[in-house]
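>>> Predicted model follows, preceded by the sequence.
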Amino acid sequence: VQKKIKMLAEKSEAFAVALADEFAQILLSPPFIFRDNSEFLCFIEDALGAKLYSLDTASVRRLLYSSRKELRDFGARLLTASHPARYTCVEWTQFADHEFKRVRDWVKTAYEQNVDEVRAHPHTAIELLQSRWQDSREFGLKFFMTHFTAREWTSDVLIRLCESDYDEVQSLGFELVLDF
């Protein structure tokens with residue numbers, strides 16, 4: 001069966017994408033019928049290969065936030081192999097709070113590769129600074145100080161910084177309020 005699926009997936013992009021979506025629905029539906037998810041995940045990856053990475057973004061998000069660790073790991077592999085342009089600035093910011101460091105590192109790359117997009121959405125982008133992960137907040141502080149100009153530091157953005165639960169973010173907000 002695996003060889004047939006692989007052959008059909010190689011011949012038809014549409015088949016591979018449809019099958020990837022179906023497999024994602026099987027994986028995410030409770031109760032998942034296989035006791036050993038890792039075996040099934042290996043089967044999917046081998047059968048669909050690179051075409052698996054065209055799985056719709058909603059399914060990747062659902063995998064990333066699954067209650068099962070192996071599915072979160074699978075979602076992280078799919079996300080980190082994806083181009084950031086498949087996702088929005090809102091999603092990047094949400095992913096910056098993910099438990100897996102490789103997901104947070106992918107977000108950092110997304111911000112660095114899409115500075116204009118981040119600057120176009122300052123209210124959304126600064127939510128990166130509300131991440132529970134220190135590495136995301138440290139990156140955000142450096143990123144915003146490097147890439148934001150007076151145009152992005154609106155009063156709403158500055159107020160959000162000052163209201164943060166994190167001291168280092170509040171300090172930046174108060175410092176910027178004095179500067180602007």
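Yes, it's here.

>>> C-alpha from now on. contacts and neighbour counts both.
Noted.

>>> quick one, longest helix in this protein?
With secondary structure taken from DSSP state H, the chain has its longest helix at helix 13-28.

>>> for stretch 65-85, the distance to its chain's centre please.
Centre-to-centre, stretch 65-85 and its host chain are 8 Å apart (C-alpha atoms, centre = their mean, to the nearest Å).

>>> Report the buried residues of it.
Within stretch 65-85, the residues that qualify as buried are 65-66, 70-80, 82, 84, counting by 16 or more other C-alpha atoms under 10 Å.

>>> Packing partners of the helix or strand just after the longest helix of the chain?
Under the assignment DSSP states H and E, the closest C-terminal helix or strand after helix 13-28 is helix 37-48. Applying 3 or more C-alpha pairs under 8 Å, 6 or more residues apart in numbering; DSSP states H and E, we find helix 37-48 packed against helix 2-11, helix 13-28, helix 69-80.

>>> okay, the angle between the first one and helix 37-48?
What separates the directions of helix 2-11 and helix 37-48 is an angle of 50 degrees, with axes from the mean of the first three to the mean of the last three C-alpha atoms, to 10 degrees.

>>> sorry, back to before: could you export the longest helix of the chain as CSV, CA atoms only?
Extracted in CSV, the C-alpha atoms of helix 13-28 (Å, rounded to 0.1, in the frame of the first residue of the first chain):
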residue,chain,number,x,y,z
GLU,A,13,0.3,16.8,-6.8
ALA,A,14,-3.4,17.1,-6.3
PHE,A,15,-3.6,13.6,-5.0
ALA,A,16,-0.7,14.1,-2.6
VAL,A,17,-2.2,17.4,-1.2
ALA,A,18,-5.6,15.8,-0.7
LEU,A,19,-4.1,12.8,0.9
ALA,A,20,-2.0,14.9,3.2
ASP,A,21,-5.1,16.8,4.3
GLU,A,22,-6.9,13.5,4.9
PHE,A,23,-4.0,12.1,6.9
ALA,A,24,-4.0,15.3,9.0
GLN,A,25,-7.7,14.9,9.8
ILE,A,26,-7.1,11.3,10.8
LEU,A,27,-4.2,12.3,13.1
LEU,A,28,-6.2,15.0,14.7
